[in-house]
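*Asks:* What would the 3D arrangement of this be:
(2 chains)
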There are 2 protein chains.
Amino acid sequence: MNESDNNENSPKIWSGAGPDEVAADLRPLVDFRDEGLPLKELEKMLEKRLVPHLVRYDRPAFHSLYNFIPEPGARLGGELALRWNQGVTNWIVSPGGVMLEEMCGEALCRLFGLGPDAAATFMYCGTYANQQALYLALHRAAERRGFDLARTGISGFPDPGRLAILTSADAHFSLRHAARMLGMGENSLIPVPVDADRRMHSGALADTVETLKGRRDIIAVAATAGTTSTASVDPAPPVIEVCRKVGAWFHLDAAYGFSYKLLPECAPLFKGAEEADSITWDPHKNFGVPIPNSVLFVRERRDFERMSIFGKYFNREEDPEPNPGLKSPPSTRPLSALPLVATLRHLGVEGMRERLRGPFRAVRKLAEYLRGEPDMEPAHRPDLSLLCLRVTPPGVPSARLDELQSYIHERIKREARRSLSISRLDDRTVLRLVAISPGVTFEALRETIDHARELAADWRREQGL
Amino acid sequence: MNESDNNENSPKIWSGAGPDEVAADLRPLVDFRDEGLPLKELEKMLEKRLVPHLVRYDRPAFHSLYNFIPEPGARLGGELALRWNQGVTNWIVSPGGVMLEEMCGEALCRLFGLGPDAAATFMYCGTYANQQALYLALHRAAERRGFDLARTGISGFPDPGRLAILTSADAHFSLRHAARMLGMGENSLIPVPVDADRRMHSGALADTVETLKGRRDIIAVAATAGTTSTASVDPAPPVIEVCRKVGAWFHLDAAYGFSYKLLPECAPLFKGAEEADSITWDPHKNFGVPIPNSVLFVRERRDFERMSIFGKYFNREEDPEPNPGLKSPPSTRPLSALPLVATLRHLGVEGMRERLRGPFRAVRKLAEYLRGEPDMEPAHRPDLSLLCLRVTPPGVPSARLDELQSYIHERIKREARRSLSISRLDDRTVLRLVAISPGVTFEALRETIDHARELAADWRREQGL
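*Replies:* Just a heads-up that it's a prediction; the model follows:
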């Protein structure tokens, strides 16, 4: 790195190298030779060749996606988990790991105010949690029609092409993956339009249900608490009403959002969440714990029985000890509960709330600030700690605004001193700021806005506007 | 622990506590209070309350399942990955992580002698790798029938109830999970009988295909290289022949076994493996790297395109950089490539071979030894580093042998000084010894056998036999 890289005001948050340069640096690492290397030499090699190309998520100028450097408590737990490498499936391989996971799951249900029959299991990621939740929905729908989905498959439904899952138009693409993998196909996903704040529109939801009447079988409504594009929280009450009416499963994809249920100031957004049949939550998105750390909650613990497969040498039905491996497909699973438990005990629940609050407030303050700036156009009111906006300098024709946002994004990416993302909302290109790390302050976000202004000025000069 | 726990000859490999006792110890850990705890105090609490209940996989007397303490190189890589917590999905969050994963995948294809168009992706575990492999098989079958599985789902097949996947009768239950989740149902799995060494019987495979002719549509044959019950390796050539004949996908579930392809002495077992359309491999089973670390190989890299979903803010089709997140559903993924690369470079490929060889040879030697012992009955010839056997003392009626194996297993479990597993093969209960850790020697296995003899004598006394 040259001198300017160490500029105090905006140090690089990664090398900024292009793919060819990164590949050239990494090549010796994947040169798998017969002879080995001393640990010290290997460590130096990794520090020199790999580390510069890793993104510093702890820098306040990193605000593009859901990533962070683990909290000290999580790191303590993570290192212990790494050292012991417990395969948390059943008692025979990890009595402590198994029991910790079970008890952590129960404690989480209480912490989040879920019902008395609720239960939790650790998953690898929100994508597989969503997949499993929709599988459970399908399974229940099959039971009501008198057959066992696990044996018969989707062909047991009289007309599988009628199966439908309603989601917000802004729902995460993991639901598309789920629909694909579950054999329903993406045609089963019916998008419900969103309102001005990009939450699922309750009137549109009712209309969609009405339109589908007699033509499709709605087996589930998958609402989102914290959409990936704008962190909008779909209101649960209208979803609950529809699910009751048509007998559908209520899934809540709260992978990113559920953490905020712990903040009293956010509680109204989560009204009714505890009535969801299943909830996906990713502590690895904003709880300070390393990847992988994901949780699937169900309202009724017996729902997990639909997942169980008993074996002869493993997961034996006759074994009396608790067995978290019966609640999801994987038989090899890491001790994710340990870093989560360690962080919650180290920070305390109140400390965790403060951790979430910092960046959350920074985004609120940013939204207020932007309201007074004529050259900035927020794309929505922020429900949680994420804001999409457009830079709209006076004199730039609206037809060229998409181009301007792309220019700003591309320049920032090449500079490697900040990280923001870009997205499309309806027909508009927007810049997307995500505040996850506790280090992300209003000032840091404001500096990014100011820098975007400078880049917009550069573009106008280049374009003669 | 009392004094006898520290007996040099057979120290405990975990506390041996029952579920209630473990739960009582762990309770304060999951007591999520508002106030936090200093790190030091938390660390002491974890050492005192959790660690005694974790199993010491590094002890030679641990030989029940596929677990080990990570190698030093893996730990170096794992700690670096933990500290940086890179979300390896696309360039924006981890240029170094993305490129390392891509290059590691290519290097692994070369290391294992796969074809020039082969490609790899990291998965969370073998279960999801198997699920994805069978999804790809279904997708290809749909393409041949002229429709897009991703859109239409299984109902696009004229008669989805005819879809069939052939597996060995000893195949892992993750294939049952896959059949369930993919909407095919377990009825789609057709078990093929095994031979005396519990490999898929090639004559029975041909017979099964003949029997199904005109009644079922065989879309895939899923062979296993290293079954979980006996580590038997199904021969690939007859599977390849069937797949060519009926146009089926050849999936090889080599989650446990593939590592041994690197040993020249095991190479004959893997003849034809490189012709598999997809291969599941779990480095976290015997390569010295921590959970999660799993790989899915495909013979043709373009097969991964069937998995891709492009988004507006993420996985954008227009982004030019490599993106491993387009090869599987999860959008949040850990830097599994790093501990794997670090181990392979630290040990060297030859060092890794030696790591695998130690316990492999110990099991071979055990099998030879047992052949000369009239009170021991090996259940199969070991293909890899796993052996099932029965303790058969003279004078015990064969009708009571199952009971004896269960007694031995239960006693060993309660003693907590060794770990072996128990299984059923056809109608017989067997003890199952798995040698994964480099520390597992013939002597350690032999001591377990001798101890089983002592326990058998106890049982005979108790039973008056």
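*Asks:* what number of residues lie near the residue of the stretch 351-465 of chain A found nearest chain B?
*Replies:* Chain B sits closest to residue A:423 of the stretch 351-465 of chain A, with a gap of 3.4 Å, by CB to the nearest CB. Using the backbone N, CA and C atoms, a C-beta is placed for each residue, glycine as well. Residue A:423: 21 surrounding residues under other CB atoms under 10 Å in any protein chain shown.
*Asks:* helices or strands next to whichever strand or helix holds it in the packing?
*Replies:* Assigned by DSSP states H and E, residue A:423 falls within strand A:421-425. Here strand A:421-425 touches helix A:401-415, strand A:428-434, going by 3 or more CB pairs under 8 Å, 6 or more residues apart in numbering or on different chains; DSSP states H and E.
*Asks:* Other residues contacting the longest one?
*Replies:* By that I understand helix A:401-415. By CB atoms under 8 Å, 6 or more residues apart in numbering or on different chains, the surrounding residues in contact with helix A:401-415 are A:10, A:16, A:390-393, A:396, A:418-422, A:428-431, A:448, A:451-452, A:455-456, A:458-459, B:92.
*Asks:* Narrow those to those that are buried.
*Replies:* A:10, A:16, A:390-393, A:396, A:418-422, A:429-431, A:448, A:451-452, A:455-456, A:459, B:92 (16 or more other CB atoms under 10 Å in any protein chain shown).
*Asks:* Tell me the spacing between the closest residue to chain B within the stretch 51-200 of chain A and residue A:373.
*Replies:* Going by CB to the nearest CB, chain B is nearest to residue A:183 of the stretch 51-200 of chain A, at 2.2 Å. Residue A:183 sits 49 Å away from residue A:373, going by CB to CB, to the nearest Å.
*Asks:* quick one, which of those two is more surrounded?
*Replies:* The residue with more neighbours, out of residue A:183 and residue A:373, is residue A:183; 29 against 14, by other CB under 10 Å.
*Asks:* I'd assumed residue A:153 was in contact with the more buried one.
*Replies:* Yes - counting by CB atoms under 8 Å, residue A:183 does reach residue A:153; the two are 7.0 Å apart.
*Asks:* Is any residue of stretch A:351-361 near chain B?
*Replies:* Yes - counting by CB under 8 Å from any CB of the partner chain, chain B has neighbours in stretch A:351-361: residue A:351.
*Asks:* buried set for that stretch?
*Replies:* A:351-353, A:355-360.
*Asks:* Stretch A:148-161 now?
*Replies:* Quick answer for stretch A:148-161 (16+ other CB under 10 Å): A:148-150, A:152-157, A:160-161.
*Asks:* Also stretch A:398-412?
*Replies:* A:401-402, A:404-405, A:407-409, A:411-412.
*Asks:* List the pairing partners of the strand holding residue A:423 within its sheet, with orientation.
*Replies:* strand A:428-434 (antiparallel) (DSSP bridges).
*Asks:* what comes into contact with the partner strand?
*Replies:* A:63-66, A:229, A:231, A:363, A:366, A:379, A:385-391, A:401-402, A:405-406, A:408-409, A:420-424, A:445, A:448, A:452, B:313.
*Asks:* just how off-centre is it within its chain?
*Replies:* 17 Å (CA atoms, centre = their mean, to the nearest Å).
*Asks:* Which of the buried residues of stretch A:148-161 fall within helices?
*Replies:* Counting by DSSP state H, these place A:149-150, A:152 in helices.
*Asks:* Run through the residues of the stretch 201-350 of chain A sitting next to chain B.
*Replies:* Counting by CB under 8 Å from any CB, the stretch 201-350 of chain A sits next to chain B at A:228-229, A:282, A:284-285, A:290-292, A:294, A:309, A:311-315, A:320-322, A:329-334, A:338, A:341-342, A:344-350.
*Asks:* Any quick PyMOL command for the buried ones out of those residues?
*Replies:* Selection of buried members from those for PyMOL, criterion 16+ other CB under 10 Å:
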select buried, chain A and resi 228+229+282+284+285+290+291+292+294+309+311+312+313+314+315+322+329+330+331+332+333+334+338+341+342+344+345+346+347+348+349
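*Asks:* quick one: which of the residues of the stretch 201-350 of chain A next to chain B sit in strands?
*Replies:* Counted as lying in strands by DSSP state E, out of those, are residue A:294.
*Asks:* So, low pLDDT: which residues of the stretch 351-465 of chain A?
*Replies:* Judged against pLDDT under 70, the stretch 351-465 of chain A has no low-scoring part.
*Asks:* biggest helix in chain A, by residue count?
*Replies:* Every helix in chain A considered (DSSP H), the longest is helix A:337-371.
*Asks:* measure stretch A:283-291 end to end?
*Replies:* Taking CA to CA, to the nearest Å as the measure, stretch A:283-291 stretches 9 Å from start to finish.
*Asks:* Could you pull up the mean pLDDT of that stretch?
*Replies:* For stretch A:283-291, mean pLDDT is 97.
*Asks:* Same check on stretch A:67-75?
*Replies:* 97.
*Asks:* Any buried residues in that stretch, and which?
*Replies:* A:67-71, A:73-75.
*Asks:* residue ranges for the strands of chain A, please.
*Replies:* A:119-123, A:163-168, A:189-192, A:217-224, A:249-253, A:278-281, A:294-298, A:376-378, A:386-391, A:421-425, A:428-434.
*Asks:* The closest residue to residue A:101 other than its chain neighbours: neighbouring residues, count only.
*Replies:* Leaving aside its sequence neighbours, residue A:101 sits nearest to residue A:337 (CB to CB, 6 or more residues apart in numbering or on different chains; 4.3 Å). Using other CB under 10 Å, residue A:337 has 32 other residues around it.
*Asks:* hang on, isn't residue A:337 packed against residue A:104?
*Replies:* Yes - between residue A:337 and residue A:104 there is a contact under CB under 8 Å: 4.1 Å.
*Asks:* ranges for the helices of the stretch 51-200 of chain A?
*Replies:* Counting by DSSP state H, counting those that start in this stretch, one finds helices in the stretch 51-200 of chain A at the ranges A:72-84, A:95-111, A:126-144, A:149-152, A:174-181.
*Asks:* For residue B:138, which of those helices is the nearest?
*Replies:* helix A:174-181 (9.7 Å; CB to CB).
*Asks:* what distance separates the closest one from the centre of its chain?
*Replies:* Distance, centroid of helix A:174-181 to centroid of chain: 15 Å (CA atoms, centre = their mean).
*Asks:* for that helix, packing partners?
*Replies:* On a contact count with 3+ CB pairs under 8 Å, 6+ apart, helix A:174-181 meets helix A:126-144, strand A:163-168, strand A:189-192, helix B:126-144.
*Asks:* Out of those, which gets nearest to residue A:235?
*Replies:* strand A:163-168 (10.6 Å).
*Asks:* Pairing partners for that closest one, with directions?
*Replies:* Partners of strand A:163-168 in the sheet, by DSSP bridges, are strand A:189-192 (parallel), strand A:217-224 (parallel).
*Asks:* Buried deepest among these, which one?
*Replies:* strand A:217-224 (a mean of 27; mean count of other CB atoms under 10 Å in any protein chain shown).
*Asks:* Next, the angle from that strand to helix A:174-181.
*Replies:* 150 degrees (axes from the mean of the first three to the mean of the last three CA atoms, to 10 degrees).
*Asks:* Kindly calculate the angle that strand A:217-224 makes with strand A:249-253.
*Replies:* Going by the same axes, to 10 degrees, strand A:217-224 makes 20 degrees with strand A:249-253.
*Asks:* I'd like the average pLDDT over strand A:217-224.
*Replies:* Mean predicted confidence for strand A:217-224 is 98.
*Asks:* now it, how far from the chain's geometric center?
*Replies:* Computed by CA atoms, centre = their mean, the chain-centroid distance of strand A:217-224 equals 19 Å.
*Asks:* what is the orientation angle of that strand with helix A:126-144?
*Replies:* Using the same axes, to 10 degrees: strand A:217-224 against helix A:126-144 is 150 degrees.
*Asks:* Grab the CA positions of stretch A:66-84 and hand them over as CSV.
*Replies:* Only the C-alpha atoms of stretch A:66-84 are listed here, as CSV (Å, rounded to 0.1, in the frame of the first residue of the first chain):
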residue,chain,number,x,y,z
TYR,A,66,-24.7,-7.8,7.2
ASN,A,67,-21.2,-8.4,8.3
PHE,A,68,-19.1,-7.6,11.4
ILE,A,69,-16.1,-8.7,13.4
PRO,A,70,-17.3,-11.0,16.2
GLU,A,71,-17.7,-9.6,19.7
PRO,A,72,-15.1,-10.6,22.3
GLY,A,73,-17.5,-13.0,24.1
ALA,A,74,-18.4,-14.6,20.7
ARG,A,75,-14.7,-15.0,20.0
LEU,A,76,-14.0,-16.6,23.3
GLY,A,77,-16.9,-19.1,22.6
GLY,A,78,-15.9,-19.5,19.0
GLU,A,79,-12.3,-20.3,19.9
LEU,A,80,-13.4,-22.9,22.4
ALA,A,81,-15.8,-24.4,19.9
LEU,A,82,-13.0,-24.5,17.3
ARG,A,83,-10.5,-26.1,19.7
TRP,A,84,-13.0,-28.8,20.7
